[in-house]
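Asks: I'd like to go over a predicted model; first the sequence, then the structure.
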Amino acid sequence: MVRSRESIEAEYVERTPASRAQWERGRRVMPGGVIKGAYWFPPHPLYMDRADGCYMWDLDGNRYVDFANHHSATILGHNHPAVVEAIEGELGRGIALGAPTTLEAEIAEEIVSRIPAVDKVRYANSATESALHTARMVRAITGKPKVAKFEGAYHGSHDALEYSTSPSTSEAGPSDAPVPVPAQRGMIPGSEESVVILPYNQPETVEMILREHKGEIAAVYYDGKPGMMDVPVDFTKFVRKITEELGLLMVMDETVSFMAGPGGYQREAGVEPDLSFFGKILGGGLPGGAIGGKAEVMDLLDNSEGSKGVFQSGTFSGNSLTLAAGLATLRALTPEVYAHVDGLRERTHAGLEGASRRAGLPFHVLSAGSMINAFPTDGPVRDHRSYDAIDVELFERVLLGLTVKGSYMGRGHMSIVLSEPMGTEDVDGLVDAFEDVLTAED
């Protein structure tokens with residue numbers, strides 16, 4: 001029996017008075033008191049003072065094991081020596097040179113060597129920006145006006161793709177004929193007509209929709225959701241097969257799923273998309289994103305012999321600090337690191353399942369790479385609609401309960417993200433805390 005929300009919040013407020021005061025200060029000069037919307041959660045955000053390895057300390061001196069890992073962006077943890085050294089080295093050469101450096105080719109070569117489907121690379125400021133550029137690219141290449149995406153997938157904050165990311169069932173239409181639902185107010189009127197929505201884990205329906213619209217669709221955007229949804233590898237292979245058969249471009253979103261292995265989820269699944277875009281860990285903890293793909297697709301961005309109609313650039317795209325941190329991160333992500341994190345994942349997965357079983361509460365645990373989720377439901381989470389059916393109120397109580405026990409948790413589909421500096425004592429502590437939260441009473 002999980003404690004009431006009121007009881008957990010009271011304990012949280014009592015142990016974090018400095019965070020409360022800081023939030024109250026911020027409310028005077030920032031909407032909601034936070035610098036970005038993702039930082040808000042009730043009763044008030046938790047403000048951090050410093051971090052090192054897999055630990056963070058809040059303004060009141062409370063220590064947490066960091067299972068959020070900057071929205072999955074810091075797989076090496078905080079202050080990894082190689083990353084810090086790389087950033088410090090670049091700082092000594094200048095913060096913003098405004099001209100290309102040797103780091104560009106070095107990190108591009110590293111990415112190309114890891115991912116068979118990537119021949120060439122361009123950097124951007126974020127995965128959101130990378131996704132926006134790819135939407136322009138696929139339309140320019142094919143001359144077709146629409147893109148297709150899967151219901152429940154998020155590909156960045158822009159009007160080209162931010163549809164049906166978490167739609168209410170009352171608006172989303174039938175599961176086998178989903179309709180595009182704007183994720184935000186204020187999106188361009190009529191832009192939903194340029195998006196076709198597909199359901200996860202329904203291959204027959206996906207094929208029917210794509211065949212119906214193949215003359216209009218430039219590309220299919222796909223996120224395999226490893227560790228976030230029960231999407232089998234066979235479905236990923238199907239998406240690649242049907243897009244090839246119908247002559248549609250496939251764009252793989254590796255923003256989060258790149259953590260699945262050295263070559264991202266696409267290499268783990270054994271598929272080669274036409275285009276991919278990246279973010280998070282590719283920036284080594286600093287802001288960054290990238291686009292990669294087959295040479296014949298990427299060369300659309302080559303303006304060395306005149307414009308081809310799509311120009312990709314940005315003042316801070318590929319800045320030297322991000323490239324240095326990203327390159328150091330990729331080089332530090334050795335097979336041994338992946339094996340270590342995968343062992344922790346298996347241990348945590350089994351531990352959470354056992355704790356749920358002993359507590360007598362149905363939690364569905366799924367995991368892949370460094371990502372783990374434990375959702376309060378007694379069935380698989382195969383798509384957005386099954387995720388939408390979980391007990392959200394209980395889920396949020398559990399996450400807040402874990403926070404007051406010293407585990408800093410993510411939200412939504414990224415509630416537990418493991419990192420290289422973690423040990424068995426850290427994940428065992430999470431499992432023990434999880435069981436305590438499930439069995440505690442007011």
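Replies: Yep, that arrived.
Asks: any idea how the protein splits into domains?
Replies: Domains of the chain are assigned by automatic domain parsing as 5-75+334-439, 81-332.
Asks: What's the end-to-end length of the last one?
Replies: Looking at domain 81-332, the gap from its leading to its trailing residue is 10 Å under the measure Cα to Cα, to the nearest Å.
Asks: Average pLDDT for it, rounded please.
Replies: Confidence for domain 81-332, expressed as mean pLDDT, is 95.
Asks: State the next helix or strand along the chain beyond the helix or strand containing Glu6.
Replies: Taking DSSP states H and E as the definition, Glu6 sits inside helix 5-15. Next along the chain after helix 5-15, taking DSSP H and E as the criterion, comes helix 17-26.
Asks: what about the strands in the stretch 201-350 of the chain?
Replies: 217-222, 249-253, 275-278, 289-293 (DSSP state E, counting those that start in this stretch).
Asks: Switch these over to JSON lines; also include distance to Glu192.
Replies: Quick note: C-beta positions are derived from backbone N, CA and C, even for glycine. Conversion of the strands of the stretch 201-350 of the chain to JSON lines gives the following (distance: least, Cβ to Cβ, whole Å):
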{"stretch": "strand 217-222", "distance to Glu192": "15"}
{"stretch": "strand 249-253", "distance to Glu192": "19"}
{"stretch": "strand 275-278", "distance to Glu192": "22"}
{"stretch": "strand 289-293", "distance to Glu192": "25"}
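Asks: Reformat those as CSV; add mean neighbour count.
Replies: Shown next, in CSV, are the strands of the stretch 201-350 of the chain (neighbours: other Cβ atoms under 10 Å):
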stretch, mean neighbour count
strand 217-222, 26
strand 249-253, 28
strand 275-278, 28
strand 289-293, 28
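Asks: Tell me which of the ones you listed approaches Leu344 most closely.
Replies: strand 275-278 (23.5 Å; Cβ to Cβ).
Asks: any residues touching the closest one, and which ones?
Replies: Outside strand 275-278, the residues within contact range by Cβ atoms under 8 Å, 6 or more residues apart in numbering are 111, 115, 117-118, 127, 130-131, 133-134, 137-138, 219, 249-255, 258, 264, 266, 289-294, 297-298.
Asks: And stretch 58-77, how far out from the chain middle?
Replies: Here stretch 58-77 is found 16 Å from its chain centre; the criterion is Cα atoms, centre = their mean, to the nearest Å.
Asks: Quick check: buried residues in the helix holding Glu6?
Replies: 5, 8-9, 12, 15 (16 or more other Cβ atoms under 10 Å).
Asks: now those residues as a markdown table including distance to Ser304?
Replies: Shown next, in a markdown table, are the buried residues of helix 5-15 (distance: Cβ to Cβ, whole Å):
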| residue | distance to Ser304 |
| --- | --- |
| Arg5 | 59 |
| Ile8 | 58 |
| Glu9 | 58 |
| Tyr12 | 56 |
| Arg15 | 58 |
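Asks: closest to Pro174 among those?
Replies: Arg5 (34.0 Å).
Asks: Check the gap between the closest one and Ala368 for me.
Replies: Computed as Cβ to Cβ, to the nearest Å, the Arg5 to Ala368 distance reads 30 Å.
Asks: show me the contacts for the residue positioned nearest the centre of the chain.
Replies: Centre of the chain computed as the mean C-alpha position; nearest residue by Cα atoms, centre = their mean is Val256, 3.4 Å away. Neighbouring residues of Val256 by Cβ under 8 Å, 6+ apart: 72, 223, 228, 280, 371, 414.
Asks: Identify, from those residues, the entry nearest to Gln312.
Replies: Closest to Gln312, out of all of these and judged by Cβ to Cβ, is Lys280, at 19.5 Å.
Asks: hang on, the closest one packs against Ser126?
Replies: No. Taking contacts as Cβ atoms under 8 Å, Lys280 lies outside contact range of Ser126: 9.2 Å.
Asks: More neighbours: these two, which one.
Replies: Legend: neighbour count by other Cβ atoms under 10 Å for Lys280 and Ser126, higher for Lys280 (25 against 22).
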